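In: take this sequence and fold it.
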Amino acid sequence: MWSGVARRLGGRFRVLKPDLPGRPDNPAEATGRIDDYADFIGAILEGLTPPIGIAGFSMGGYVTLALLKRRPKGIGALALIDTRAGADDEAGRGRREEAIELVRTKGVDAIADSMLEKLLSPSSLARRDLVDRLRRIILRQQPASLESDLKAMRDRPDSRAFLAEIAVPTLIVVGDSDVLTPPSAAEEMAAAIPDSRLVTIPGAGHLTPMESPVEVARALGDRRADGLALRSPLPAVRRVPLVVESQNRNPRAHPQPERNPTGVYGRWALGNRNCTASRRRSPACSHRRSVIDEMPASDSR
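Out: Residues are numbered from 1 along each chain as shown. Next up is the predicted model:
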């Protein structure tokens, strides 16, 4: 989801794209609780050098807001992308239940078929390469993980009252054709967060990082510069957060990640909450390990 954005930010920031528990590259068990996902991201942030920027997309926005309520140290900038602060209303909870039943009875293919037109704008649906790529991403997910995510979103708390307490520069991005978290939800957050800026992307639906990576990267880079003085990590979250770290750090001074088969991204293996950066190679960190994809510092395409 974040690859196109991360490539464009890689020349200015060290970009981390954590996979939440339950993703194909993270074998840790998905618990179906937003707070547990927030704890997972919080453990990653403990191993990074401030200031840090964090971007939460879709469910990642819910995770990011839950994380911020814990007042973590070191966050200098925030982005909330195609997300909302409110909890599901009764109708929304009903739709989650219907989706859970669809996963249980008909599998991941049925979810892909039902969601594509909701995730993409009409113009994006005409881009066959994008549709095929999104479908492949959905089909890689395990039914149990999808059910866990649906439960987590169904049961998440309402965070609207918390928005006024956010004290870092905040970027809010929304596609003008987003039908899942519409522009009105983004406008509500922008009105409530003191130091915020709203960017509406024309022709994009719910998946702005995939549909319009150039525009999202430009908005993130500009706003990150406000809060990070051009020296921080940038985290990203789809159903996860995107985390970014300063490019001022010499990547060669740190253990080099293991390359995956494509050779495009490296992987940091993290374990439980105690597996911070200094302990990544500790045997204790091999338990229930999870994976973070890291953009190479030299990849600024």
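
In: which residues of the stretch 1-150 of the chain fall in strands?
Out: Assigned by DSSP state E, counting those that start in this stretch, the strands in the stretch 1-150 of the chain fall at 13-18, 52-57, 75-81.

In: would you format the ones you listed as CSV with mean pLDDT included?
Out: What follows is the strands of the stretch 1-150 of the chain, written out as CSV (pLDDT from 0 to 100):
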stretch, mean pLDDT
strand 13-18, 88
strand 52-57, 92
strand 75-81, 93
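
In: and G175, which of these is closest to it?
Out: When the strands of the stretch 1-150 of the chain are compared by CB to CB, strand 75-81 sits nearest G175, at 9.4 Å. Where C-beta positions appear, they are placed from N, C-alpha and C, glycine not excepted.

In: the closest one pairs with which strands, parallel or anti?
Out: Strand 75-81 sits in its sheet next to strand 52-57 (parallel), strand 170-175 (parallel), going by DSSP bridges.

In: can you give me how far that strand is from the chain middle?
Out: For strand 75-81, the separation from the chain centroid amounts to 11 Å (computed by CA atoms, centre = their mean, to the nearest Å).

In: quick revisit: among the strands paired with strand 75-81, which is the most enclosed?
Out: strand 52-57 (a mean of 31; mean count of other CB atoms under 10 Å).

In: okay, angle between that strand and strand 13-18 too, please.
Out: Counting by axes from the mean of the first three to the mean of the last three CA atoms, to 10 degrees, strand 52-57 points 50 degrees away from the direction of strand 13-18.

In: rewinding a little: S177: which of the strands of the stretch 1-150 of the chain is closest?
Out: strand 75-81 (14.6 Å).

In: on that earlier part again, so can I have CSV of the strands paired with strand 75-81 showing distance to A192?
Out: What follows is the strands paired with strand 75-81, written out as CSV (distance: least, CB to CB, whole Å):
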stretch, distance to A192
strand 52-57, 16
strand 170-175, 10
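
In: which one of those lies closest to G42?
Out: strand 52-57 (10.3 Å).

In: so how far is that closest one off the chain centroid?
Out: 7 Å.

In: over to stretch 121-139?
Out: Worked out by CA atoms, centre = their mean, stretch 121-139 lies 19 Å from the chain centre.

In: can you name the residues in contact with that stretch?
Out: 1, 108-109, 111-112, 115-117, 119-120, 175, 177-178, 203-205, 207, 210-211 (CB atoms under 8 Å, 6 or more residues apart in numbering).

In: please redo it, this time with the cut-off set to 6 Å
Out: Residues from elsewhere that reach stretch 121-139 (CB atoms under 6 Å, 6 or more residues apart in numbering): V108, A112, S177, G203, A204, G205, E211.

In: now secondary structure and neighbour count too, for these, in TSV please.
Out: Below are the contacts of stretch 121-139 laid out as TSV (DSSP: H, G, I helix; E, B strand; the rest coil; neighbours: other CB atoms under 10 Å):
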residue	secondary structure	neighbour count
V108	helix	17
A112	helix	17
S177	coil	20
G203	coil	15
A204	coil	25
G205	coil	26
E211	helix	27
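
In: what domains does the record give for the chain?
Out: 3-83+157-294, 90-151 (automatic domain parsing).

In: would you map the helices across this protein?
Out: Along the chain, the stretches classed as helices by DSSP state H are 3-9, 34-45, 59-68, 90-106, 108-119, 122-125, 128-139, 143-154, 183-192, 208-211, 213-228.

In: for the fourth one, packing partners?
Out: I take that to be helix 90-106. helix 143-154 (3 or more CB pairs under 6 Å, 6 or more residues apart in numbering; DSSP states H and E).

In: how about the helix it packs on: buried residues?
Out: Residues S145, L146, E147, S148, D149, L150, K151, A152, M153, R154 are the ones in helix 143-154 that count as buried (16 or more other CB atoms under 10 Å).

In: so how far is D158 from E90?
Out: 13 Å (CB to CB, to the nearest Å).

In: same deal with V174?
Out: From V174 to D158 the distance is 19 Å (CB to CB).

In: ok, now A79?
Out: A79 is 21 Å from D158, by CB to CB.

In: what do you get for I81?
Out: 19 Å.

In: do you know the pLDDT at G22?
Out: Per-residue confidence (pLDDT) for G22: 84.

In: number of residues surrounding the nearest residue to it once chain neighbours are set aside?
Out: Distances taken as CB to CB, 6 or more residues apart in numbering place A30 nearest to G22, at 2.8 Å, with adjacent residues excluded. Each residue near A30 was counted by other CB atoms under 10 Å, and the total is 23.

In: ok, R70 next?
Out: R70, neighbours per other CB under 10 Å, totals 11.

In: residues touching it, list them.
Out: R70 touches nothing, counting by CB under 6 Å, 6+ apart.

In: that concludes my questions; thank you for your assistance.
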